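Undergrad: need a 3D model of the sequence below.
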Amino acid sequence: MVRYADGPTAEVSTDIAAPPAEVFALVTDINLPARFSEEFQRAEWNDGATEPCFGATFQGTNKHPAIGEWTVTCTVSAFEPGSVFEWTVAGPDAPAARWRFTVLPNGQASTLRFDARMGPGKSGLTPAIERMPDREEEIVDGRLAEWRSNMELTVAGIKALAERQSAE
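TA: Got it, this is the predicted structure:
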């Protein structure tokens, strides 16, 4: 059984005909995914930050037809210039989720991996699971499918932008 407490994950990846530095510049633009995702709407750095660094925070706004719009605080939990940009949602100690872009060299091109993990902290799924514990696996699987769909849209959009920029 897929249980929320076990930290289920989703991952997508794609090869991109562009150098890693160009791809990394795109994935560290916290608003870029809003151009492609059906759920993520926008983000704004907190406390005067203008770019990612370990410990920096930003507000992310999302929208879902079942629950409306909400804003969460995200914390950069891993940052390796040129290769890793990761953030947690709702606090690094008990995150509701962890999201991570990894850019890997692939010859003269790049491989972009986008992965996410649920929990272990409470999230928007928690009330539904508490109301219907017998349907936890269905709830978690459904949410992972939504994540994966938006992640695929995001990496496809980043791929198209990076390859267009690299060709110019």
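Undergrad: helices along the protein, start to end?
TA: 20-27, 125-131, 136-167 (DSSP state H).
Undergrad: out of those, which comes closest to A97?
TA: Smallest distance to A97 across those (Cβ to Cβ): 8.6 Å, for helix 136-167. In short, each C-beta sits where N, CA and C put it, glycine included.
Undergrad: once you drop chain neighbours, what's closest to the most centrally placed residue in the chain?
TA: With distances taken as Cα atoms, centre = their mean, W99 lies nearest the centre of the chain, 4.0 Å away. Nearest residue to W99, sequence neighbours excluded (Cβ to Cβ, 6 or more residues apart in numbering): A116, at 4.8 Å.
Undergrad: show me what the helix or strand bottoming out on mean pLDDT in the chain is packed up against.
TA: Using mean pLDDT, DSSP states H and E, the weakest-scoring helix or strand in the chain turns out to be helix 125-131, at a mean of 93. Packing contacts for helix 125-131, counted by 3 or more Cβ pairs under 8 Å, 6 or more residues apart in numbering; DSSP states H and E, involve helix 136-167.
Undergrad: let's test this: mean pLDDT of the helix it packs on, rounded?
TA: Mean pLDDT, helix 136-167: 95.
Undergrad: start the count at 577, not 1, going forward
TA: Yep, numbering from 577; the last one is helix 712-743 now.
Undergrad: hang on, the earlier thing: enumerate every residue touching the residue nearest to the centre of the chain.
TA: Going by Cβ atoms under 8 Å, 6 or more residues apart in numbering, W675 touches E662, W663, T664, V665, F690, D691, A692.
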